[in-house]
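Participant: Whatever this is, show me its structure:
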Amino acid sequence: RTNYSKHIDEMECSRVLHPGVYRRAVLLLILSVAVETCAESELKEEVESESKNGWTVAEIPNPSTPEGAKRCRRAGLLHSAVCDPNGYMEGFEKDRLDKMVAHIRSNISLASTKDKSKHDLQVGLCIIGKILPTSIFKKVDSFGFAQDVYNSWGLGDPGAGNGILVFLSIEDRKASIITGSSAKQLLDTAAAQDIIGLMRNPLRQNDVGRAVELALAAILDADHRRKAPSPQQEPSSSAMLGFTLVAIALYHCFLWPFCREWYLRIKLWVVSKCLTWKYDKDFKKANDALRRIQEQGTQKEAARRGDAPPPERWQCPICLEDFPFPRLPTPSRAQQQREAGVGEA
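Facilitator: Numbers count the residues shown, from 1 in each chain. Okay, the predicted model is just below:
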């Protein structure tokens, strides 16, 4: 038991490092930090020297390679979609943009314009300070410069045209969106201009990261709208007017000769009815009065023979108005008995 305890004590003592080991570890840590700081400062000086007068297409690094990612301030990554050599964004903003680009590539696929094969959408983000003018007039063609960067980076698969480049030149206040031939199915010229309009307010506030995030979000929204079923659009007023004019022309050219005769007949009947309406009304009234006079004459003749009671009303044959017949007062019971007694006597 004593030997076992002694062995345990020796093991505990062996775990305690010598103070010299700690000093060496601290020195190595300080040396590594110093080397990394020197490398970053050298890279920064190199980038600043390159971008002092402006960037050329050949000087802009490609972030899809480890060396290019390092010069694009994405050190430690084998590849990236973000190139920000002037450091307009923080590291966490670039990490978020890389995640959004990866999400776009894994969720958006486009059909090639040549063989209709499916290809993932590839997006590149290039943010520089300013463009080096190539003419003596110092005129900057940001769209042509962005197109050259797109070709230099080789965005998209060969011959597929499935790439999109979001390009910003901050000091020049220029923004461009370059799309490949297949990517135009997702973003046409008008949609690209709308995305540039979305980025204006954040860029005015010097929030470059927010502006690029809005651009990527707009690309995702464009894909959602492309996949969503389009509602049935109601015909516009101009289309309805054109259809009406065509229908009128066809009617007059083909149907009018056949319908003209029936049209004239109906028109003549309507006009005649409108003109003879009052006369027809008076004729009907007079005809009804004549019919009543004839019926009353027949009733009077039957009453004279005792076959029917006299009519309650009679009509004047001159003024054609109805008048009630005068009724004699009904005799009382005493009068009737008196008349009966008188008759018996």
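
Participant: How many residues are close by Leu168?
Facilitator: Number of residues near Leu168 (other C-beta atoms under 10 Å) recorded here: 25. Heads up, the C-betas are built off the backbone N, CA and C, glycines and all.

Participant: mind checking how far it is from Ile128?
Facilitator: Per C-beta to C-beta, to the nearest Å, Leu168 is found 7 Å from Ile128.

Participant: go on, Arg291?
Facilitator: Arg291 is 107 Å from Ile128, by C-beta to C-beta.

Participant: Ok, Gln147 next?
Facilitator: For Gln147, the distance to Ile128 - C-beta to C-beta - is 15 Å.

Participant: can you pull out the helices in this protein?
Facilitator: In the chain, the helices defined using DSSP state H lie at 2-15, 19-50, 66-71, 91-107, 142-153, 189-204, 208-227, 237-250, 256-275, 277-305, 333-344.

Participant: So which elements touch the fourth one?
Facilitator: With contacts taken as 3 or more C-beta pairs under 8 Å, 6 or more residues apart in numbering; DSSP states H and E, helix 91-107 sits against strand 82-83, strand 122-128, helix 208-227.

Participant: I'd say Val57 and Phe145 touch.
Facilitator: Yes - using C-beta atoms under 8 Å, Val57 is in contact with Phe145, at 6.6 Å.

Participant: So for these two, which sits in the more crowded spot?
Facilitator: Between Val57 and Phe145, Phe145 has the larger neighbour count (other C-beta under 10 Å), namely 24 against 18.

Participant: From Arg74, how far off is the more buried one?
Facilitator: Distance from Phe145 to Arg74, by C-beta to C-beta: 22 Å.

Participant: Which one, of the helices of the chain, ends up nearest to Thr134?
Facilitator: Using C-beta to C-beta as the measure, helix 142-153 is the one of the helices of the chain that comes nearest Thr134, at 8.9 Å.

Participant: so where is the stretch 101-250 of the chain shaky, pLDDT-wise?
Facilitator: 135-138, 229-236 (pLDDT under 70).

Participant: In space, what's closest to Phe145 - neighbours in sequence excluded?
Facilitator: Nearest non-adjacent residue to Phe145, counting by C-beta to C-beta, 6 or more residues apart in numbering: Ile131, 5.3 Å away.

Participant: hang on, the earlier thing: using a markdown table, lay out the helices and strands packed on helix 91-107 together with mean neighbour count.
Facilitator: As requested, the helices and strands packed on helix 91-107 are exported to a markdown table (neighbours: other C-beta atoms under 10 Å):
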| stretch | mean neighbour count |
| --- | --- |
| strand 82-83 | 26 |
| strand 122-128 | 25 |
| helix 208-227 | 18 |
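
Participant: Make CSV out of the ones you listed and add distance to Gly242.
Facilitator: Listed next are the helices and strands packed on helix 91-107 as CSV, based on distance: least, C-beta to C-beta, whole Å:
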stretch, distance to Gly242
strand 82-83, 50
strand 122-128, 42
helix 208-227, 28
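
Participant: closest to Val101 out of these?
Facilitator: strand 122-128 (4.9 Å).

Participant: Please name every helix or strand in contact with the closest one.
Facilitator: strand 82-83, helix 91-107, helix 142-153, strand 163-169, helix 208-227.

Participant: These into a markdown table, with extra columns for distance to Ile266?
Facilitator: As requested, these are exported to a markdown table (distance: least, C-beta to C-beta, whole Å):
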| stretch | distance to Ile266 |
| --- | --- |
| strand 82-83 | 78 |
| helix 91-107 | 66 |
| helix 142-153 | 67 |
| strand 163-169 | 66 |
| helix 208-227 | 53 |
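
Participant: Next up, the contacts around the most centrally placed residue in the chain.
Facilitator: Among the residues of the chain, the one closest to the centroid is Arg225, at 7.8 Å (C-alpha atoms, centre = their mean). With C-beta atoms under 8 Å, 6 or more residues apart in numbering as the criterion, no residue contacts Arg225.

Participant: From Arg200, how far out is it?
Facilitator: 22 Å.

Participant: same deal with Ser112?
Facilitator: Noted for Ser112: a distance of 33 Å to Arg200, by C-beta to C-beta.

Participant: These two: which has the busier surroundings?
Facilitator: Ser112 (18 against 13).

Participant: ok, the residue lying closest to that one once chain neighbours are set aside to Lys278 distance?
Facilitator: Leaving aside its sequence neighbours, Ser112 sits nearest to Ala160 (C-beta to C-beta, 6+ apart; 4.7 Å). Distance of Ala160 to Lys278, given as C-beta to C-beta: 84 Å.

Participant: Counting neighbours, go ahead and name the busier of those two.
Facilitator: Ala160 (22 against 9).

Participant: quick one, what contacts that one?
Facilitator: 110, 112, 114, 117, 119, 180, 182.

Participant: which residues sit in contact with the nearest residue to Phe143 once chain neighbours are set aside?
Facilitator: Spatial nearest neighbour of Phe143, excluding adjacent residues (C-beta to C-beta, 6+ apart): Ser176 at 4.8 Å. Counting by C-beta under 8 Å, 6+ apart, Ser176 touches 142-143, 145-146, 165, 167, 196.

Participant: so which two of those residues are the farthest from each other?
Facilitator: Phe145 and Ile196 (15.3 Å).

Participant: got the buried residues for stretch 95-109?
Facilitator: By 16 or more other C-beta atoms under 10 Å, the buried positions in stretch 95-109 come out as 96-98, 100-101, 104, 108.

Participant: which among the residues you listed gets closest to Gly124?
Facilitator: Val101 (8.1 Å).

Participant: Fine by me, we can end here.
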